Each structure stands twice: as structure tokens, then as C-alpha cells.
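In: Build me a model:
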Amino acid sequence: MNRGVFVTGTDTGVGKTLVACAILRALRARGIDVAGMKAIETGVGDEGPPDARALALAADAGEPIERICPQLFALPAAPNVAARHEGRGVELAEVHRAFAELAARHDFVLVEGAGGLLVPTSDEANMADLAAALGLPIVVVVRAALGTINHTLLTLAEAERRGLALAGVVVSHSSGAQSEADAANFAYLRGVLGDRLIGEIPPLPSGESPAADCIDVGLLA
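Out: Residues are numbered from 1 along each chain as shown. Next up, the predicted model:
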């Protein structure tokens with residue numbers, strides 16, 4: 001298994017990039033040579049891939065954006081759908097080539113997926129297949145809001161069914177402060193997760209980075 005992690009989520013917009021950047025910064029603070037990679041990014045405009053640029057800044061590894069994000073598409077849809085919209089397919093061989101180059105140049109490579117585990121990369125494959133092919137354990141990012149119990153447990157059950165190694169679960173309060181009901185639901189989920197829960201990012205003002213100790217990266221590296 002390669003040294004690194006594959007960051008996935010229970011849904012789109014749960015805070016994967018925020019968590020991925022926090023992990024990269026915390027590992028760098030420990031003196032680990034890291035690189036970040038957004039394997040496939042959709043919804044990319046003229047300004048370039050925002051998730052990949054955030055990972056590049058957090059890792060500060062001096063890698064070109066083409067290696068950090070080898071596949072990008074304009075339509076904000078699932079990768080295979082966005083690729084088909086442009087009359088082409090997702091070139092997974094390019095993803096594997098870029099990952100191999102990063103893994104050869106750095107001690108630890110964090111790969112951020114698109115959406116959740118079952119988001120398709122082609123008509124035959126999905127993000128879970130990509131994580132397995134890269135040989136990386138997964139970090140699952142979950143939201144602390146209504147529905148998180150079901151979404152989290154379904155994702156973990158599917159990962160286990162596929163034999164994916166779980167590096168841990170990180171909670172992202174991307175939707176802001178919790179309601180009383182959300183807090184009660186999440187208190188239950190904390191108990192179910194036990195030591196699989198390796199971090200929690202609180203609600204943050206726009207543009208503010210999480211504290212370095214919000215994720216136990218010692219369990220990842």
C-alpha cells in the first residue's frame with residue numbers, strides 16, 4: 001500500500017477540500033514531505049481548478065497544476081458525465097501516471113476524490129475503484145447535519161464491503177452551527193464511530209483555516 005490517503009466524502013460539498021488542506025498543513029508541520037492531488041475536478045472555469053489550487057497551496061510542494069489535477073472538466077457534474085459532455089472520456093491512465101510521479105517525488109501523497117465513493121469515473125468504475133487501484137486507505141469526511149448518520153454508516157459499510165482500508169473519519173461543520181436536533185444526532189454518531197473518528201473541524205469564518213491539531217494526523221502517517 002502506498003504512503004498516503006484518499007479523501008472521500010459522504011456527499012458533495014461536505015468539506016473534503018477543507019479537510020484535505022488541513023491534513024496537508026498538519027503533516028508539513030511535522031516535517032513530512034507531502035503532495036496533494038485532486039485526481040479529477042469538474043465545474044472548472046476560466047480561473048482554473050479551485051480545489052486543486054487549494055491543495056497546491058496547502059502542500060507547497062512546487063508541483064505543476066497539471067500534475068496535481070490531471071483531469072478537469074467544465075460541467076459541474078459527475079466525472080464521466082462531465083467528460084461525455086465534452087465528447088471525451090475520463091483518462092484514468094493519466095491519473096495513475098500523475099500519482100506515480102508524485103509518489104516518486106514525495107513521501108506522502110493525499111488524493112482528493114470527487115463527491116462520494118460511488119461517484120462514477122466511467123460507466124464501469126467509480127471513486128472507490130480509484131482509491132483501491134491507487135492502494136490508498138480512505139479518510140471519510142462527513143457533515144454534522146441531519147442525515148449524517150445514514151450517509152456515514154452507508155459509506156463505511158460500502159468501504160468495508162469493498163475491502164477498502166479506513167484511515168479514519170473526519171467531521172466537517174461546513175453547514176455552520178448545529179441545531180439542537182443535529183447536535184443530538186451527531187452525539188449518537190460519535191459513539192458509533194468510536195476511535196474511527198480522528199478529527200473534527202468546527203464552524204469557521206470564511207477564509208479561516210482549521211487549527212493544526214483538529215485532526216490526529218499521527219494516525220495517518
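In: What are the buried residues along the helix or strand where residue 185 lies?
Out: Under the criterion of DSSP states H and E, residue 185 resides in helix 180-193. Within helix 180-193, the residues scored as buried using 16 or more other CB atoms under 10 Å are 182, 185, 186, 189, 193. Backbone N, C-alpha and C define where each C-beta goes, glycine included.
In: now stretch 43-63
Out: For stretch 43-63, by 16+ other CB under 10 Å, it's 43-44, 49, 51-56, 58-59, 61, 63.
In: Start and end of that stretch, how far apart?
Out: 22 Å (CA to CA, to the nearest Å).
In: got the contact list for it?
Out: By CB atoms under 8 Å, 6 or more residues apart in numbering, the list of residues contacting stretch 43-63 from outside reads 16-17, 20-22, 24-25, 28, 33-38, 41, 65, 68-69, 72-77, 82, 102, 105-106, 110, 112.
In: Now do the contacts for the nearest residue to residue 217 once chain neighbours are set aside.
Out: Nearest in space to residue 217, with sequence neighbours left out and distances taken as CB to CB, 6 or more residues apart in numbering, is residue 26 at 4.4 Å. Counting by CB under 8 Å, 6+ apart, residue 26 makes contact with 212, 213, 215, 217.
In: how near is residue 26 to residue 132?
Out: Per CB to CB, to the nearest Å, residue 26 is found 25 Å from residue 132.
In: Quick one: distance of the helix or strand of the chain with the lowest mean pLDDT to the chain centre.
Out: Comparing helices and strands within the chain by mean pLDDT, DSSP states H and E singles out helix 180-193 as the least confident, with a mean of 86. Centroid separation for helix 180-193 versus its chain: 22 Å, with CA atoms, centre = their mean, to the nearest Å.
In: What of stretch 165-172?
Out: How far stretch 165-172 lies from its chain's middle: 10 Å, per CA atoms, centre = their mean.
In: Pull the residues that contact that stretch.
Out: Contacts to stretch 165-172, defined as CB under 8 Å, 6+ apart, come from residues 1, 5, 14-16, 18-19, 137-144, 152, 156, 159-160, 186, 193, 196-201, 215-216, 219-220.
In: now the strand ranked longest in the chain: mean pLDDT?
Out: Secondary structure assigned by DSSP state E gives strand 108-116 as the longest strand of the chain. Averaging pLDDT along strand 108-116 yields 96.
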